[in-house]
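Asks: What follows is a predicted structure for the sequence shown.
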Amino acid sequence: MINTFESTRHIADGLASLYREVKVNFTNEEKNLLAGVDGGSTTTRVVLLDSMKDVKALEEVYSIPSDFGIKEGDAILLPQSAELFDNMESSVLVRNNDFLKNTKMLRGALKQNSPCTESHISSIDQKLDSAGFYLNMIDAIGYAVIQKFSDACPRVVNLYMGASLRPNDVNTESRRTQFINRIKGTYIWSNPFLDGVLTINIKRVDVQTEAEAQEKGFFLRAKQKAPVCFATFEIGGSSIGTSIMKNGVKIDKAEKPLSYGGAQLLEILADNCRDSGKLDYLPSLSVLEEAINSGYLKEGTRKISIVKEICDAKDKLASQIAEDFRTEVLAKMGNFSFKEVEKVFFGGRVFKRGEFGEFAKDDPRVRANGYSLSIPLASELQKLNSGFICSVIKSNLIPFSNCLLAAKKFGQALAE
Amino acid sequence: MSTFVSVEGYSLRLDSKEAVKRFTQLLENDALDDFISDCFNQAVTNEQQSKSLDSVLVKLDELMGKMDSLSNCSIVSNDSAETVAEDAVAEVEEVEVDLSADGEGGIFDLLGGFDQFK
């Protein structure tokens, strides 16, 4: 018997819009735009706004993978298909900027299949000092503009931007200013597969922390009054941002980033799988990224449940986060008592509970067919204060919130 | 209702509001680490030839018992704590934020929410 297979591609979270063909018609127009940018270590996301009446535009998030390759040489690269994911070769020419250099970047399939020098945002370095972080934002804006305005794409965009950083990148005025001065400027963005060049003028910028963006985004969108005192844990791929607000004022000492995140969970899971003796091979992190949601790994046609290992990994990470939060954050906050906190918010993909299906019965900790990191983390935190309410905000509100920050500060630019 | 606190691989069970209050004070004053460390050092010093879990626990229990306001605090090993943890599973709500369009005022409707943050 001959089986026929339909080829399917693994589409990473949030990148679905890249798996389609984008035909771009450039015009000679110049356009003012507000932008909210979330420069994550895994994904860089952009929301664009060209009218203060267009609330719907806040739903449209354009994302690119944050890892990129710096192209070596001038070889002409051939894409596998017309989908944007297969055509992510871009060039950024920098004007009057001492910090950034002209760079040719490869992402998506071209990065995977072509010689290049890898660049990624590490958990240890400050984003503020990472050229890749700035290049990601500029590149993401380029890709967002060509997708949003594909039918009539302006050749020049003047951008008024809201962005977010880790707490230690914005905890002094001089760092905020340094970030703003580095990203502001003119960039010539191009992609050899497009028939045109885009000039991106980043005119004005404001910045907040990632945790602040997530929590403010929630209250702005839900149109809810914030509790007197609440805490937020925003967990990214490689860092954890914490924030505590009291009477509408951010407590600066609560904003200490922990230099690990979702990637650490996969590493713990890899260790657990190896130690379990269930497998004859060590699965890669990308395989584990899928398995942590499905609850199983495949060995040939056999499915091997790793639900217990997933639950153990989440318990271990939760315990580590709570311990570090207690010793690195709370212990250094002077007179503040965590018992004042009425509500705790969790944000980030790492809180996805997964869908374990037939394997859900393999561990008693599984609830609603999966097991979210929020359960053990809330349990750990409730040892410090048993009286607060815990919520996982399932949506990533950072680009949305950053765009509203830009609208609040620079909204008049759209009227000009 | 008991509150459980994990310290140095053991769980402390705080059985009264006073115990929780005293424990929180130690935590806030950054004195908890020193306190626990003293407990362990003394326990280990006195039992140099026999650092068994039981002897450390007994000593720690004894030291904790000396603190008046922690008189309702008892110590359980991590094995017991696992049983406890099942009872103490946290309730977490998942919130899906609807980003879809609404309202006539456009973006300005949303910006009003910034007023509650200073």
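Replies: Yep, it's here.

Asks: In the stretch 101-250 of chain A, which residue sits nearest chain B?
Replies: residue A:220 (3.9 Å; CB to the nearest CB). In this view, the C-beta of every residue, glycine as well, is placed from N, C-alpha and C.

Asks: and that residue, helix, strand or coil?
Replies: Three-state assignment for residue A:220 (DSSP: H, G, I helix; E, B strand; the rest coil): helix.

Asks: Ignoring the adjacent residues along the chain, who's closest to it?
Replies: Nearest residue to residue A:220 in three dimensions, chain neighbours excluded: residue B:113, at 3.9 Å (CB to CB, 6 or more residues apart in numbering or on different chains).

Asks: show me what contacts the one you found?
Replies: A:216, A:219, A:220, A:223 (CB atoms under 8 Å, 6 or more residues apart in numbering or on different chains).

Asks: Where does the prediction get shaky in chain B?
Replies: Residues of chain B that meet the criterion pLDDT under 70 lie in B:1-89, B:99-104.

Asks: now with 50?
Replies: By pLDDT under 50, the weakly predicted segments of chain B are B:1, B:43-44, B:46-59, B:66-87.

Asks: so how far is residue A:386 from whichever residue of it sits closest to chain A?
Replies: Proximity of chain B to chain A (CB to the nearest CB) peaks at residue B:90, 3.4 Å away. Residue B:90 sits 9 Å away from residue A:386, going by CB to CB, to the nearest Å.

Asks: what's the answer for residue A:61, then?
Replies: Distance, residue A:61 to residue A:386, by CB to CB: 37 Å.

Asks: Those two: which is more packed in?
Replies: residue A:61 (22 against 15; other CB atoms under 10 Å in any protein chain shown).

Asks: isn't that one right next to residue A:47, touching?
Replies: Yes: with contact defined as CB atoms under 8 Å, residue A:61 reaches residue A:47; the gap is 5.7 Å.

Asks: Spit out the residues that contact those two alike.
Replies: Looking at what touches both residue A:61 and residue A:47 (by CB under 8 Å, 6+ apart), the common residues are A:399, A:400.

Asks: Could you report the neighbour count for the spatially closest residue to the residue of chain B closest to chain A that is not a sequence neighbour?
Replies: Computed as CB to CB, 6+ apart, the closest residue to residue B:90 that is not its neighbour in sequence is residue A:378, at 3.4 Å. Under the neighbour criterion other CB under 10 Å, residue A:378 is assigned a count of 24.

Asks: who's in contact with residue A:378?
Replies: A:344, A:346, A:390, B:90, B:91, B:92.

Asks: before we move on, back to that, so what's the residue of chain B closest to chain A up against?
Replies: Contacts for residue B:90 were tallied using CB under 8 Å, 6+ apart; they are A:374, A:375, A:378, A:379, A:381, A:382, A:390.

Asks: can you pull out the helices in the stretch 1-150 of chain A?
Replies: Applying DSSP state H, counting those that start in this stretch to the stretch 1-150 of chain A gives helices spanning A:108-113, A:131-148.

Asks: Just the CA coordinates for the longest one, please, in CSV.
Replies: When you say that, I think you mean helix A:131-148. In CSV, the C-alpha atoms belonging to helix A:131-148 read as follows (Å, rounded to 0.1, in the frame of the first residue of the first chain):
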residue,chain,number,x,y,z
ALA,A,131,22.4,46.0,18.6
GLY,A,132,20.3,42.9,17.6
PHE,A,133,17.4,44.2,19.8
TYR,A,134,17.3,47.5,17.9
LEU,A,135,17.7,45.8,14.5
ASN,A,136,14.9,43.4,15.4
MET,A,137,12.6,46.4,16.1
ILE,A,138,13.5,48.2,12.8
ASP,A,139,13.2,45.0,10.8
ALA,A,140,9.8,44.1,12.4
ILE,A,141,8.5,47.6,11.6
GLY,A,142,9.6,47.1,8.0
TYR,A,143,7.8,43.8,7.7
ALA,A,144,4.7,45.1,9.5
VAL,A,145,4.4,48.1,7.2
ILE,A,146,4.6,46.1,4.0
GLN,A,147,2.0,43.7,5.3
LYS,A,148,-0.4,46.3,6.7
